[in-house]
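Asks: predicted model, plus sequence, below.
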Amino acid sequence: MKRLAIDVQRGAYSVVRLPADAPVPAELLAPGPFLVSVTRTPHELSVICHAEREPEGGTVERGWRLLSVRGPLGFTLTGVISALASELAAAGVALFSLSTFDTDHILVRADELDRAVQAFRDSGHDVALPG
């Protein structure tokens, strides 16, 4: 895998599970400085958002930190998530991943952030911490 530039984003993130028939909370879709991901399946409405923007009425997993691969990444680039997942697995760090049109994102537990950053740096990636 080529060397990637990875940015650790500011603040804590949450993963929220809402009922499958829940409306998408409109305030989550307002422009802002933080990543928001909303995914609906036949079984759930899943939201990833900054901890300050958690929707009410769901099951919440708190305490995640977001790391974003600096993009954009081409659609023909293969193995990015696989490589990052392998590097974290070797360090004993669990992950939650998502992709957007431009790039890939990894969430790790806040208490494992230092180990994740070190694993990526040990693998030759450039990891930038928030300023």
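Replies: Nice, I can see it. Numbers count the residues shown, from 1 in each chain.
Asks: give the buried residues for the lengthiest strand in the chain.
Replies: Using DSSP state E to define each element, the chain has its longest strand at strand 59-69. By 16 or more other CB atoms under 10 Å, the buried positions in strand 59-69 come out as 60, 63, 64, 65, 66, 67, 68, 69. Using the backbone N, CA and C atoms, a C-beta is placed for each residue, glycine as well.
Asks: of all these, which comes closest to residue 4?
Replies: Checking the buried residues of strand 59-69 against residue 4 with CB to CB, the nearest one is residue 69 at 5.4 Å.
Asks: from what I can see the closest one touches residue 4, true?
Replies: Yes: here residue 69 reaches residue 4: they are 5.4 Å apart, a contact under CB atoms under 8 Å.
Asks: overlap of the contact sets of those two?
Replies: 80, 84 (CB atoms under 8 Å, 6 or more residues apart in numbering).
Asks: which stretches in the protein count as helices?
Replies: 80-90, 113-122 (DSSP state H).
Asks: so which of the buried residues of strand 59-69 comes closest to residue 87?
Replies: Using CB to CB, residue 67 is the member of the buried residues of strand 59-69 that lies nearest residue 87, at 11.5 Å.
Asks: distance of the closest one from residue 104?
Replies: Distance, residue 67 to residue 104, by CB to CB, to the nearest Å: 9 Å.
Asks: which regions of the protein sit below the pLDDT cut-off?
Replies: For the chain, residues meeting the criterion pLDDT under 70 lie at 1.
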